[in-house]
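S.K.: From the sequence below, what's the structure:
(one chain, ligands or ions: 1)
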Amino acid sequence: MNPVLSVLAIFVASSLLFIRCGQYPANIPYVPIDITISTFDPQFVSLQAVGGWAYLNGGSRGLILYRASIDQVNCYERHCPYDTENPCGKVSVDSNGLFLVDNDCYGEGCGSRFSLINGSVVDGVAIYPLKQYNTSFDGVLIRVFN
Ligand code: FES
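M.R.: Reported below is the predicted structural model:
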């Protein structure tokens, strides 16, 4: 095969692989964040236990904090990464407290679900995982920043 065509074929194949794996960031607006909260605040006591979660104002359409382990708290953007122009594209924790589900308020059937554990796509039409923000946690204070 022509070397130029070989390089082109490898490039295209690599691009498709990345797209399928959802590695490209979705087009979610950048909003500067630097928030520190305390797990002793009554609004956030749920984060004292591993598996606990809480909503937090900030980001593009709001944030969700998830206590992933003894020393790790994850922070997800609620702006759905599937159709970022859709004003309904916002995820919420489902009634079981296991997944983050897109509102799908237009009833388009695109209510994708994401893992509360790591923000990855569980099912639905979404390709990209939920956007995550940087966090630090000292056992009491949680800082969210970008
Ligand atoms: S906008 Fe999120 S799945 Fe439809």
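
S.K.: Let me know the pLDDT of the most centrally placed residue in the chain.
M.R.: Centrality entry for the chain: nearest residue to the mean C-alpha point is residue 130, 2.3 Å, by C-alpha atoms, centre = their mean. Note for residue 130: predicted pLDDT of 97.

S.K.: Please tell me how far the residue nearest to residue 69 when sequence neighbours are not counted sits from the ligand.
M.R.: Nearest non-adjacent residue to residue 69, counting by C-beta to C-beta, 6 or more residues apart in numbering: residue 50, 6.0 Å away. (Glycine included, C-beta is placed from N, CA and C.) Applying C-beta to the nearest ligand atom, to the nearest Å, the value for residue 50 to the ligand is 28 Å.

S.K.: so what pLDDT did residue 50 get?
M.R.: Value listed for residue 50 in the pLDDT field: 98.

S.K.: Repeat that for residue 110.
M.R.: Listed pLDDT for residue 110 reads 75.

S.K.: contacting residues for it?
M.R.: Contacts for residue 110 were tallied using C-beta atoms under 8 Å, 6 or more residues apart in numbering; they are 82, 83, 86, 102, 104, 124, 125.

S.K.: Show the backbone phi and psi for the closest residue to the second one other than its chain neighbours.
M.R.: The reference is to residue 83. In space, and not counting its chain neighbours, residue 83 is closest to residue 89: 5.4 Å by C-beta to C-beta, 6+ apart. Residue 89 adopts backbone torsions of phi -70, psi 80, taken as degrees, to the nearest 10.
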